[in-house]
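[1] Predicted model, plus sequence, below.
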Amino acid sequence: MEFLIASAVIIGVSIILSELFERVGLVSVLGEFGTGLLLGVSFLALFSAESIEIFASMGVILLLFLAGYEETDLRFLIREHRKLFLISFTSLFLGLVGTFLFALAYFSFTFKQAIFFALAFVLTDVAVGAKTVISMGKTQDPLGKNLLGIAILDTVIGLILLAVAITLVTSNSILGLISVFAKILLFILVIVTMGRVLPVVIHKSVKMGVEETEFSIAFITIFLLAFLAEELGLAAVMGAYFAGIILQHSRELESRHFSETMKSMAYGFFVPLFFAWMGLQTDLSYVPIYFKEIMVIVFFTLGIKFVGTLAAAQTYGLSLKEGLTYGFGLVSRGADNLVVLAIAISLGIFAGVTELLLAATAVLMVVSIIISSIGLKRLL
């Protein structure tokens, strides 16, 4: 029954540390990840990652569901902000290609390792930019709104590329690759079908009068699509993400009650346990051992994303201030990077270098969030 006391202690400590980080202008994710560092092998060694693994898995599923449900409206972003889409895509493309080549040349990684390394260390964490924009009251400012739009597009495109990367590592032949892409088409067909059927099902079910029916159907959808995605060779989180996109089109689920309840459940319990779980697996004693490699990773990946974003903004005719703002906004790392790294580790991609990459991620998160926060507060 270790998971009971572990969950209680971890949640309690994460509340305190998250509040401390929030008070100094940083995001709460650092407090939750730091809780895992404090209570895990890096310092006190009170709990193992296995003690909360089930809750952590639920946390990452709900995190990606909320990303799809709350943050993603691709049709609007592409239709209304075509230039932002081009900037986001170009910045991400340059960052991924540069980091992929860097991983091959500097670390002599395999092709598969280099792909996941690039995805894990280049994707932007939306939360940092969003928090800074909101705290400064710039949500209605064109520059602030555009920054959030680009960051969301960066995340969405990155998740789509992640799905493609997973298909590549799970197939070992041409026939296997064809089979995997056939499964992806099947998954897309299921999503499209559910997108048309579910709103009707939810509408009729709510009329039955059963208490909180919409939540039951939402969880059924999340779990079924997560399971289907896993069975088809994708990651469960991809199913959860698309479940969020599907469910955002239901009128019954547009209520503030549904949204707030789902966020309270996720961010109040499961999501903090996911970030703590990642911290529990991270051993900071490897930082001095791999100090040179970690510093190279941190400053190369931050530098190429910043320069790539600035170059993309200038190419598409934006001002220097806009380019610098988007550059600082897109260098932040956090939740999404931990998700990709966790998936890669679970697939056995980084066997032998897991400790290095976990330690590098911990340092990268702190450095990137500080740089991003300071830069945005000066420019917005």
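    Thanks, I have the structure now.
[2] pLDDT of the host helix or strand of Phe181, averaged?
    According to DSSP states H and E, Phe181 maps onto helix 174-207. For helix 174-207, mean pLDDT rounds to 79.
[3] buried set for the helix or strand following it?
    Per DSSP H and E, the first helix or strand lying C-terminal to helix 174-207 is helix 213-231. The neighbour-count check on helix 213-231 (16 or more other CB atoms under 10 Å) flags 213-214, 217-218, 221-223, 225-226, 228-229 as buried. All C-beta spots, glycine's among them, are computed from the backbone N, C-alpha and C.
[4] tell me the average confidence for helix 213-231?
    On average, helix 213-231 scores 88.
[5] what's it packed up against?
    Other elements packing on helix 213-231 under the criterion 3 or more CB pairs under 8 Å, 6 or more residues apart in numbering; DSSP states H and E are helix 53-66, helix 174-207, helix 236-247, helix 256-265.
[6] mind giving me JSON lines with the buried residues of helix 213-231 and columns for distance to Val363?
    Compiled in JSON lines, the buried residues of helix 213-231 are given as follows (distance: CB to CB, whole Å):
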{"residue": "Thr213", "distance to Val363": "46"}
{"residue": "Glu214", "distance to Val363": "42"}
{"residue": "Ile217", "distance to Val363": "42"}
{"residue": "Ala218", "distance to Val363": "37"}
{"residue": "Thr221", "distance to Val363": "38"}
{"residue": "Ile222", "distance to Val363": "33"}
{"residue": "Phe223", "distance to Val363": "35"}
{"residue": "Leu225", "distance to Val363": "35"}
{"residue": "Ala226", "distance to Val363": "31"}
{"residue": "Leu228", "distance to Val363": "36"}
{"residue": "Ala229", "distance to Val363": "31"}
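[7] returning to what we had before: the helix holding Phe181 to helix 236-247, inter-axis angle?
    Comparing the axes of helix 174-207 and helix 236-247 via axes from the mean of the first three to the mean of the last three CA atoms, to 10 degrees yields an angle of 40 degrees.
[8] what's the angle from helix 174-207 to helix 213-231?
    For helix 174-207 against helix 213-231, the angle by the same axes, to 10 degrees is 170 degrees.
[9] Could you check helix 174-207 and say which residues are buried?
    Going by neighbour count (16+ other CB under 10 Å), the buried part of helix 174-207 is 179-180, 183-184, 187, 190-191, 194-195, 198-199, 202, 206.
[10] Please apply the same query to stretch 371-380.
    Neighbour-count burial for stretch 371-380 [16+ other CB under 10 Å]: 371-373, 375-376, 379-380.
[11] What mean pLDDT does that stretch get?
    On average, stretch 371-380 scores 82.
[12] ok, now stretch 279-293?
    Stretch 279-293 comes out at a mean pLDDT of 91.
[13] if we can go back for a sec, which pair of the buried residues of helix 213-231 spans the longest distance?
    In terms of CB to CB, the buried residues of helix 213-231 reach their longest pairwise distance at Thr213 and Ala229, which sit 24.4 Å apart.
[14] Quick one: find the helix or strand in the chain with the lowest mean pLDDT.
    One helix or strand of the chain scores below all others by mean pLDDT, DSSP states H and E: helix 74-80, with a mean of 57.
[15] contacting residues around the very next helix or strand once past that one?
    Using DSSP H and E, the helix or strand that directly follows helix 74-80 along the chain is helix 82-106. When contacts are defined by CB atoms under 8 Å, 6 or more residues apart in numbering, helix 82-106 is touched by residues 77-78, 109, 111, 113-115, 117-119, 121-123, 146, 149-151, 153-154, 157-158, 161, 296, 300-301, 304-305, 308-309, 311-313, 315-318, 326, 330.
[16] elements contacting the helix holding Phe181?
    Applying 3+ CB pairs under 8 Å, 6+ apart, we find helix 174-207 packed against helix 142-169, helix 213-231, helix 236-247.
[17] Just send these back as CSV, with distance to Ala359 too.
    Compiled in CSV, those are given as follows (distance: least, CB to CB, whole Å):
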stretch, distance to Ala359
helix 142-169, 22
helix 213-231, 28
helix 236-247, 23
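[18] Give me the most central residue, this protein.
    Asp336 (1.9 Å; CA atoms, centre = their mean).
[19] Need the residues that contact the stretch of helix or strand that residue belongs to.
    Using DSSP H and E, Asp336 sits in helix 335-346. For helix 335-346, the surrounding residues in contact (CB under 8 Å, 6+ apart) are 29, 33, 60, 63-64, 116, 119-121, 123-127, 155, 158-159, 162, 166, 235, 237, 274-275, 278, 350, 354, 357-358, 361, 364-365.
[20] Look up how far Leu357 lies from the closest residue in space to Gly25 that isn't next to it in sequence.
    Using CB to CB, 6 or more residues apart in numbering and skipping the chain neighbours, the partner closest in space to Gly25 is Ser373 (5.9 Å). Using CB to CB, to the nearest Å, Ser373 is found at 24 Å from Leu357.
[21] residues touching the closest residue to Val60 other than its chain neighbours, list them.
    Sequence neighbours aside, Phe274 is the residue nearest to Val60 in space, at 4.8 Å (criterion: CB to CB, 6+ apart). By CB under 8 Å, 6+ apart, the contact set of Phe274 is 55-57, 59-60, 63, 338.
[22] Helix or strand: which one has Phe274?
    Secondary structure assigned from DSSP H and E places Phe274 in helix 271-281.
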